[in-house]
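# I'd like to go over a predicted model; first the sequence, then the structure.
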Amino acid sequence: MSTTLISVDKLNKQYLPGQASGISDLSFDISSGQIFAIIGESGSGKSTLLKSIYGLLKPDSGTILFEGKKVKGPDEQLVPGHPQMKMVTQDFSLNIYAKVYDNIASQLSNTNVRLKESKTLAMMEQLRIAHLRNKKIVELSGGEQQRVAIARALVSDTRVLLLDEPFSQVDSLLKNQLRADIKNLVAETGVTVILVSHDPADGLFLADQLLILRAGKLQQTGTPRNVYEHPQNIYTAKLLGNAIVLNRSEADAIGIKTGKEHVVIYPEWASLNGGWNSRRFEVKEIFYKGFYEELVLERNGVEIRALQLNSTAHKKHEHVQVQLTRFLEF
Ligand code: ADP
Ligand code: MG
């Protein structure tokens, strides 16, 4: 079983009084040795929350505990930031004219030069940047700089790695590689990662625990699968699941009776099968997505979406039988 490493309790920070601009009343726990992802749109308070956890920002109220001890705010210590945490921000904060090796080694003391060297080399191996040892930071790609920044943050026995939008500088191929590397890193070193991103895919792929933030307020926490499968509100379903939202009369038009205001359907719940409860839809549009296609299907003026892997099986304007295997009501 994992144990609680960080506890956030009723945390508030408002930049402008009387206006929602910051975070409000956040309470949650972060387990040791896990990847905890905070997902929300730009301006939802992700960086504010991350800085508060690190001790760079003084909250208006509420507490943050690290192993049961209060995390000190910037006014309570000489060097702001918890000594056992490190934050990597979008700008990486590297010494760009120094070599990769020196950027990382500079985090360690000179009292044991041999240990300093072996630790630096081990960390470079782990992040697959050993071959870049003598290059200067200015000579590296964005993805390589990212790895150096993480190595630099982790080399000094860091317990918690805080990553603020870690994939915003890298292209999609590299992004997948970096995501996988971060996963491996956590498995191998036991470091706890708190990562902030506007991209739900980062949370779904990487996280052990997910927290959805909207306008400074906590929407939902849980495992990615649980949050995705059981969103507690329409916002979360739309953010994570590319969901279609229908009102009651629209739902009725495609054969769903509900006593609630809205019905939410993920595309994968619309199955192109005949059956006793299937209904006839027209294929309005087909969007090519590479290994699959997304179909826009219409019945009585209401559109839903479906996915098909076996592309070219259906054509535009064709009629198909559709079974809705599941829907949510809000
Ligand atoms: P995110 O990282 O999710 O984009 P932030 O935590 O940076 O969001 O910001 C949350 C909200 O607080 C935004 O509305 C932002 O404009 C506001 N904000 C952030 N920093 C400050 C500041 N120093 N002064 C005033 N408002 C701020
Ligand atoms: Mg931010």
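Good, I have the coordinates. Ligands and ions are numbered 1, 2, ... in the order given.
# drop to CA atoms for contacts and neighbour counts, all remaining ones
Will do.
# Now do the contacts for the closest residue to residue 95 other than its chain neighbours.
Nearest residue to residue 95, sequence neighbours excluded (C-alpha to C-alpha, 6 or more residues apart in numbering): residue 103, at 6.4 Å. Listed by C-alpha atoms under 8 Å, 6 or more residues apart in numbering, the contact set of residue 103 reads 94-95, 148, 152.
# and residue 103, that one's in a strand?
No: using DSSP: H, G, I helix; E, B strand; the rest coil, the secondary structure at residue 103 is helix, not a strand.
# where does this structure dip in pLDDT?
Confidence mapping of the chain against pLDDT under 70 gives the ranges 1.
# at 80 instead, please
1-2, 17-20, 169, 310-311 (pLDDT under 80).
# which residues of it fall in helices?
Under the criterion DSSP state H, the chain contains helices at 46-54, 100-105, 113-126, 142-154, 172-189, 200-206, 224-229, 234-241, 248-253.
# nearest to residue 5, of those helices?
Closest approach to residue 5 among those is made by helix 46-54 (11.7 Å; C-alpha to C-alpha).
# The closest one vs ligand 1: in contact?
Yes: using C-alpha under 6 Å from any ligand atom, helix 46-54 comes into contact with ligand 1 via 46-48.
# And this structure, what are its domain boundaries?
4-233, 242-329 (automatic domain parsing).
# and the gap between residue 24 and ligand 1?
The spacing between residue 24 and ligand 1, counted by C-alpha to the nearest ligand atom, to the nearest Å, is 11 Å.
# residues touching the nearest residue to that residue once chain neighbours are set aside, list them.
Excluding its sequence neighbours, the residue lying closest to residue 24 (C-alpha to C-alpha, 6+ apart) is residue 12, at 4.5 Å. Contact partners of residue 12, counting by C-alpha under 8 Å, 6+ apart, are 22-26, 59-62.
# now residue 134
Residue 134 touches 99-101, counting by C-alpha under 8 Å, 6+ apart.
# And for stretch 64-71, what's in contact with it?
4-9, 11, 53-55, 63, 82.
# let's see it at 7 Å
With contact meaning C-alpha atoms under 7 Å, 6 or more residues apart in numbering, stretch 64-71 is reached by 5-9, 53, 55, 63, 82.
# So which bits of that stretch are buried?
64-66, 71 (16 or more other C-alpha atoms under 10 Å).
# The nearest residue to residue 32 once chain neighbours are set aside: neighbour count?
Nearest residue to residue 32, sequence neighbours excluded (C-alpha to C-alpha, 6+ apart): residue 5, at 5.1 Å. By other C-alpha atoms under 10 Å, the residues close to residue 5 number 18.
# and residue 5, what does it touch?
Counting by C-alpha under 7 Å, 6+ apart, the residues that residue 5 touches are 30-32, 66-67.
# thinking again about what came up before, quick one: the residues of helix 46-54 next to ligand 1 as a markdown table, columns for neighbour count too.
Below are these laid out as a markdown table (neighbours: other C-alpha atoms under 10 Å):
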| residue | neighbour count |
| --- | --- |
| 46 | 27 |
| 47 | 21 |
| 48 | 22 |
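# what does the stretch 1-150 of the chain have sitting close to ligand 1?
15, 21-22, 41-48.
# from the residues you listed, which would you call buried?
21-22, 41, 44-48.
# now the residue nearest in space to the middle of the chain: how far from ligand 1?
Geometric centre of the chain, nearest residue: residue 203, 3.0 Å, by C-alpha atoms, centre = their mean. From residue 203 over to ligand 1 the distance is 14 Å, taken as C-alpha to the nearest ligand atom.
# Quick one: residues in contact with stretch 252-265.
243-248, 251, 299-300, 302, 327-330.
# Just list the residues touching the residue in the stretch 101-250 of the chain positioned nearest to ligand 1, thanks.
Of all residues in the stretch 101-250 of the chain, the one sitting closest to ligand 1 is residue 216 (6.9 Å; C-alpha to the nearest ligand atom). When contacts are counted by C-alpha under 7 Å, 6+ apart, residue 216 touches 22-24, 44-45.
# Spatially nearest residue to it (excluding sequence neighbours)?
Spatially, and ignoring its direct neighbours in sequence, residue 216 is nearest to residue 23 (3.8 Å; C-alpha to C-alpha, 6+ apart).
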